[in-house]
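what follows is a predicted protein model with its sequence.
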Amino acid sequence: MTLVYIILVTVALYLFAGLVFAVPFVIKGVTKIDEGAHGSKWGFRIIIIPGTIVFWPLLLKKWLKGPGRSVGTAGR
């Protein structure tokens with residue numbers, strides 16, 4: 001296996017994990033972490049899917065922390 005193949009497989013697995021995460025996050029999670037998303041239409045939710053796929057680890061961390069607590073704002 002070449003280094004290029006390993007990198008491509010790693011990126012593909014990361015993006016696949018992001019896609020799997022994006023489905024439940026767009027349906028329920030976005031309203032849990034962003035008050036502005038309450039009552040948003042499906043058009044908005046479709047638009048945020050690419051960003052959700054790329055930034056899924058950060059969004060998962062924020063979603064697990066719960067509402068009212070921002071990631072990286074401890075002690076403020």
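Yep, that arrived.

and stretch 1-21, how far out from the chain middle?
Relative to the chain's own centre, stretch 1-21 is displaced by 17 Å; criterion: Cα atoms, centre = their mean, to the nearest Å.

got the contact list for it?
By Cβ atoms under 8 Å, 6 or more residues apart in numbering, the surrounding residues in contact with stretch 1-21 are 52-54, 56, 59-60. Using the backbone N, CA and C atoms, a C-beta is placed for each residue, glycine as well.

in CSV: those, plus neighbour count, secondary structure and pLDDT.
Formatted as CSV, the contacts of stretch 1-21 follow (neighbours: other Cβ atoms under 10 Å; DSSP: H, G, I helix; E, B strand; the rest coil; pLDDT from 0 to 100):
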residue, neighbour count, secondary structure, pLDDT
Thr52, 21, helix, 96
Ile53, 19, helix, 96
Val54, 14, helix, 97
Trp56, 20, helix, 96
Leu59, 23, helix, 94
Leu60, 16, helix, 95
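
and the helix or strand of the chain with the lowest mean pLDDT, what does it pack against?
When the helices and strands of the chain are scored by mean pLDDT, DSSP states H and E, helix 30-33 comes last with a mean of 88. On a contact count with 3 or more Cβ pairs under 8 Å, 6 or more residues apart in numbering; DSSP states H and E, helix 30-33 meets helix 56-65.

hang on, the earlier thing: distance from the helix or strand that the least confident helix or strand of the chain is followed by to the middle of the chain?
Where DSSP states H and E defines the elements, the next helix or strand beyond helix 30-33 is helix 42-47. Mean-position distance between helix 42-47 and its chain equals 14 Å (Cα atoms, centre = their mean).

now do the buried residues in helix 42-47.
Going by neighbour count (16 or more other Cβ atoms under 10 Å), the buried part of helix 42-47 is Arg45.
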